[in-house]
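Colleague: Below is the sequence, then the predicted model.
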Amino acid sequence: MRVVVIYKEDSEHGTTVDMFLNDFQRQTGRDLETMDPETQEGISLCRTYDVVEYPTIIALSDDSQLQSMWRGLPLPTISEVSYYA
């Protein structure tokens, strides 16, 4: 499984997402992959999974099939995301 948090660090939701990422790491001992939607890889991922709102968290299977997606705020709970991480 792969969980990717797509967000813009320097935005109104950046601090909220950073706090979520820190809490997730502290509670689970695992880090989540982050991606800027304005990078080449980010643009490609957003097109592939129709991501148009930030922040978005996507959970992908090992063969890149979409398992779950959370869009915008409020963010999902840590337990919801940790199921896929």
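Modeller: Noted; the coordinates are in hand.
Colleague: farthest residue from the center of the chain?
Modeller: Distance from the C-alpha centroid of the chain, by CA atoms, centre = their mean, peaks at Asp63 (17.6 Å).
Colleague: what helices or strands is the longest helix along the chain leaning on?
Modeller: As assigned by DSSP state H, the longest helix anywhere in the chain is helix 14-28. Judged by 3 or more CB pairs under 8 Å, 6 or more residues apart in numbering; DSSP states H and E, helix 14-28 is in contact with strand 2-6, helix 78-82. (C-beta placed from N, C-alpha, C; glycine too.)
Colleague: Nearest to Asp23, out of those?
Modeller: Among those, the nearest to Asp23 by CB to CB is helix 78-82 (6.2 Å).
Colleague: pLDDT on the closest one, on average?
Modeller: The average pLDDT within helix 78-82 is 97.
Colleague: so can I have JSON lines of the helices and strands packed on helix 14-28 showing mean neighbour count and distance to Gly14?
Modeller: What follows is the helices and strands packed on helix 14-28, written out as JSON lines (neighbours: other CB atoms under 10 Å; distance: least, CB to CB, whole Å):
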{"stretch": "strand 2-6", "mean neighbour count": "19", "distance to Gly14": "11"}
{"stretch": "helix 78-82", "mean neighbour count": "15", "distance to Gly14": "18"}
